[in-house]
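J.: sequence below, structure please.
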Amino acid sequence: MKVQCKNCLPKEGIEIPEFSSAEKEHYRKVKEDSPIQAVKKLIDEKKLSHRDAKYIVTHINIDYGK
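T.: Residues are numbered from 1 along each chain as shown. Sure, this is the predicted structure:
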């Protein structure tokens with residue numbers, strides 16, 4: 001899925017991989033503990049660029065992402 005955020009992304013946007021519900025919950029919990037670790041996990045596990053991983057972590061909704 002291609003996503004654009006007018007506040008924090010370049011005009012071309014980024015490609016977001018599909019996440020299962022379990023993966024979404026896992027990354028949400030990791031972000032609660034340490035956003036830096038969440039970025040590192042996404043880079044390692046999903047082979048994303050630093051920019052894309054950081055964007056995904058920034059936009060994880062902790063309050064309503066359950």
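
J.: give me the pLDDT for A38.
T.: Note on A38: pLDDT of 96.

J.: what about it, how many residues nearby?
T.: 23 (other C-beta atoms under 10 Å). Any C-beta I mention is one placed from the backbone N, CA and C, and that applies to glycine too.

J.: secondary structure class for it?
T.: Recorded secondary structure, A38: helix (DSSP: H, G, I helix; E, B strand; the rest coil).

J.: where do the strands sit along this protein?
T.: Applying DSSP state E to the chain gives strands spanning 2-3, 14-15.

J.: the last one pairs with which strands?
T.: Right, the one you point to is strand 14-15. Each strand that pairs with strand 14-15, with its direction, by DSSP bridges: strand 2-3 (antiparallel).

J.: could I get the contacting residues of the closest residue to K41 other than its chain neighbours?
T.: With sequence-adjacent residues excluded and distances taken as C-beta to C-beta, 6 or more residues apart in numbering, K41 is closest to V30, at 5.9 Å. The contact partners of V30, taken as C-beta atoms under 8 Å, 6 or more residues apart in numbering, are Q37, A38, K41.
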